[in-house]
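Asks: next comes the sequence, and after it the predicted model I'd like to discuss.
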Amino acid sequence: MFDADAERRIREVLSRHPVVAAVQSVEIRYPDRVFVRVKVRQPAAWFEVTDERGDRGYLLVSTDGRILDRQCYRHYLRRLRVPLPKVSGVRARPPAWLGEIWEDLPEQVAEGIAASAVAARLYRDFKGTLYVRSIDVAAFPAPPSLRRQGEVRFVLHDGTVVEWGRTDRDHDGVASEDTYETKQWRLATTLARRPPRTTSRIDVRYRLPGEGRPVAYRR
């Protein structure tokens, strides 16, 4: 039967689904067909969590900070060329329900999501020759006196530790740290200089000894 309120109710039901970011269109063809188009949430990273017994596990978190059902994304995750990074160091407890947004006052979650976007960008810019295996945001946010110790740290696929510092999401007046382009250039320059098949710790936050003017890196 014709229902003048059907489209609105369908939109409401779909919008409450944990994986649906937005309902783009609903087309009802009476008497028995409905065509919908939705935008689904994109996984950003695995976030490490610890339960009451001290056991560690990982939650799949979207680019907009919501907890996702890993079963809904199992085929997507299998098709990825490289695994999503694992983010550790978040002190806030995650929400209890799928689809809820994970918010914390220090914004460690938001910084971890931004860092996972940096990881994806590095993978693209280095043409797949490296990827970020894990991200540590335990030191974020640090007071000015401790910022030189680093706030966001990457571990690459080969074990190389990269002191990245803050992402471009919120420099918060950290004038001594550069933007993504300069940090990426420093990383590329350092990796090109080091001996093959070696791991190391690379700090890309500050000027390298004898560093000239950074240029856009092309591999």
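Replies: Sure, I can see it. Residues are numbered from 1 along each chain as shown.
Asks: what distance do you get for the residue lying closest to residue 30 once chain neighbours are set aside to residue 77?
Replies: Of all residues not flanking residue 30 in the chain, residue 2 sits nearest, at 6.1 Å (CB to CB, 6 or more residues apart in numbering). Every residue, glycine included, has its C-beta placed from N, CA and C. Distance, residue 2 to residue 77, using CB to CB, to the nearest Å: 42 Å.
Asks: do residue 123 as well
Replies: For residue 123, the distance to residue 77 equals 16 Å [CB to CB].
Asks: who does the lengthiest strand in the chain pair up with?
Replies: Longest strand of the chain, by residue count under DSSP state E: strand 20-29. Neighbouring strands of strand 20-29 in its sheet, by DSSP bridges, are strand 33-40 (antiparallel).
Asks: just how off-centre is the strand it pairs with within its chain?
Replies: 27 Å (CA atoms, centre = their mean, to the nearest Å).
Asks: just give me the residue closest to the centre of this protein.
Replies: For the chain, the residue nearest the mean C-alpha position is residue 116 (2.6 Å; CA atoms, centre = their mean).
Asks: just checking, that one touches residue 84?
Replies: Yes: the pair residue 116 / residue 84 is scored as a contact, 7.2 Å apart, by CB atoms under 8 Å.
Asks: find residues that contact each of these two.
Replies: Here residue 116 and residue 84 have 44-45 as joint contacts, going by CB atoms under 8 Å, 6 or more residues apart in numbering.
Asks: endpoint to endpoint, stretch 47-65 covers what distance?
Replies: The straight-line separation of the ends of stretch 47-65 (CA to CA, to the nearest Å) is 11 Å.
Asks: list the buried residues of it.
Replies: For stretch 47-65, burial by neighbour count (16 or more other CB atoms under 10 Å) applies to 47-49, 59-63, 65.
Asks: quick check, nearest of those residues to residue 88?
Replies: Using CB to CB, residue 48 comes nearest to residue 88 of the buried residues of stretch 47-65, at 4.3 Å.
Asks: ok, residue 123 and residue 77, which is more surrounded?
Replies: Each of residue 123 and residue 77 has its neighbours counted (other CB atoms under 10 Å); residue 123 has more, 18 against 13.
Asks: wait, a helix at that one?
Replies: Yes: residue state for residue 123 (DSSP: H, G, I helix; E, B strand; the rest coil) corresponds to a helix.
Asks: how much space between it and residue 157?
Replies: On the measure of CB to CB, residue 123 and residue 157 end up 10 Å apart.
Asks: overlap in contacts, these two.
Replies: Joint contacts of residue 123 and residue 157 (CB under 8 Å, 6+ apart) are 82, 130-132.
Asks: where in this structure is pLDDT low?
Replies: Residue ranges of the chain with pLDDT under 70: 1, 145-148, 170-176, 208-219.
Asks: now the strands for it?
Replies: Using DSSP E, strands in the chain cover 20-29, 33-40, 43-50, 56-62, 67-68, 86-88, 132-136, 153-156, 161-163, 201-203.
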